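S.K.: Sequence plus the predicted model coming up.
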Amino acid sequence: MIYTITFNPALDYVITVDHFQQGLVNRVCEEHIFCGGKGINVSAILKELGYESEALGFVAGFTGDEIVRRAKSEYDIKTDFIKVEKGMSRINVKMRSDEETEINGMGPQITDEDVEKLFKKLDTLKEGDVLVLSGSIPKCISPRIYEEILERLQDKGILFVVDATGQLLVNVLAYHPFLIKPNNHEIEEIFNVKLETEEDLVKYANKLQEMGARNVLISLAGDGSLLVDENGNTHRLGVCKGTVKNSVGAGDSMVAGFVAGYLNNGDYDEALALGTACGGATAFSYSLAKRDFIDECLAQLKGE
């Protein structure tokens, strides 16, 4: 079974405003509401690819109830979120205009007791399960929460997938996650370097492996993706061709596609291709990608 964790999910209120002007009344010309959160996004794409998963995390208030409702009605994914008593789940405003602007809400107050409930759920995971940890964590939770989870479960034969940044990512490497997905800029920040060539990318991916990561998947935005696998092989792919409509969820889609591709047959070339296709399909859609479009992007990458 695949499990995803979203520590701070949200309702994403996505609006389009023609030529936004600060300080004036602006009229919305298009609006959509989605249940947001990196783990939820991963679960949604996995469902499109035929893989069941269970979305875990924390929700609160009427917004939390709506997140759960939409996760089930829009994405048909199984959820087992912990209902937190204090506060409410976030509403994030994402405005598309001449520039993209985001305003993110605060989120609920998660207590030690709430975290312990999550730990007890995770204790039921067994060998062969996949656990996807993605995104930032609320300030009310220990900054070591990722480490604590991997340390608690490290001897159970679980495949850990971590999509995080900075020290949050670095600190889990000692627990040998199956997959990490930094982008080139995040690697530059971790090592305080400037990456200028593909050889530089491979060099620092190898350093991340020396620190404990098994597979390092690097997203390069318009330049495609690169994978250094646990067998020491380097895999490189370009991007799908299309018009970018949406930057939200593309990285999560890549993670989901890679996991599904690997679970299909254990082939890293196939995993990278499906991950890249999923990321591209979401980037070229106004919401998370659908299976038909993913298949189109995959065929394009394979030259079919």
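M.R.: Yes, it's here.

S.K.: Any idea what residue 32 is bridged to?
M.R.: For residue 32, the beta-bridge partners are residue 14 (DSSP bridges).

S.K.: Please name the residues that touch it.
M.R.: Neighbouring residues of residue 32 by C-beta atoms under 8 Å, 6 or more residues apart in numbering: 13, 14, 15, 286, 287. (Each C-beta comes from the backbone N, C-alpha and C, glycine too.)

S.K.: so who does the residue nearest to the spatial centre of the chain touch?
M.R.: Among the residues of the chain, the one closest to the centroid is residue 252, at 3.2 Å (C-alpha atoms, centre = their mean). Residues in contact with residue 252 (C-beta under 8 Å, 6+ apart) are 38, 39, 41, 42, 45, 134, 163, 282.

S.K.: Could you tell me which of the residues you listed count as buried?
M.R.: Buried residues within the contacts of residue 252, counting neighbours by 16 or more other C-beta atoms under 10 Å: 38, 39, 41, 42, 45, 134, 163, 282.

S.K.: From those residues, pick the one nearest residue 113.
M.R.: residue 39 (21.3 Å; C-beta to C-beta).

S.K.: in stretch 91-105, what's buried?
M.R.: Residues of stretch 91-105 classed as buried by neighbour count (16+ other C-beta under 10 Å): 91, 92, 94, 95, 96, 105.

S.K.: now the third one, which residues is it bridged with?
M.R.: With DSSP bridges applied, residue 94 shows beta-bridge pairing to residue 14, residue 102.

S.K.: contacting residues for it?
M.R.: 12, 13, 14, 15, 100, 101, 102, 248.

S.K.: Next: the fifth one.
M.R.: The contact partners of residue 96, by C-beta under 8 Å, 6+ apart, come to 14, 15, 16, 17.

S.K.: Of those residues, just the buried ones, ChimeraX syntax please.
M.R.: Remark: buried members of those, expressed as a ChimeraX selection using 16+ other C-beta under 10 Å:
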select :14,15,17
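
S.K.: circling back to that earlier point, please identify which of the buried ones among the contacts of residue 252 is nearest to residue 62.
M.R.: For those, the closest approach to residue 62 (C-beta to C-beta) belongs to residue 39, at 20.9 Å.

S.K.: where's the closest one, which helix or strand?
M.R.: Here residue 39 sits within helix 38-48, counting by DSSP states H and E.

S.K.: other SSEs contacting that helix?
M.R.: strand 2-6, strand 53-60, helix 61-75, strand 130-134, helix 250-265 (3 or more C-beta pairs under 8 Å, 6 or more residues apart in numbering; DSSP states H and E).

S.K.: give me the number of residues near the nearest residue to residue 77 once chain neighbours are set aside?
M.R.: In this structure, residue 77 finds its nearest non-sequential neighbour in residue 43, 4.4 Å apart by C-beta to C-beta, 6 or more residues apart in numbering. Around residue 43 there are 29 other residues, counting by other C-beta atoms under 10 Å.

S.K.: Report the contact partners of residue 43.
M.R.: By C-beta under 8 Å, 6+ apart, the residues touching residue 43 are 2, 4, 53, 54, 55, 71, 75, 77, 256.
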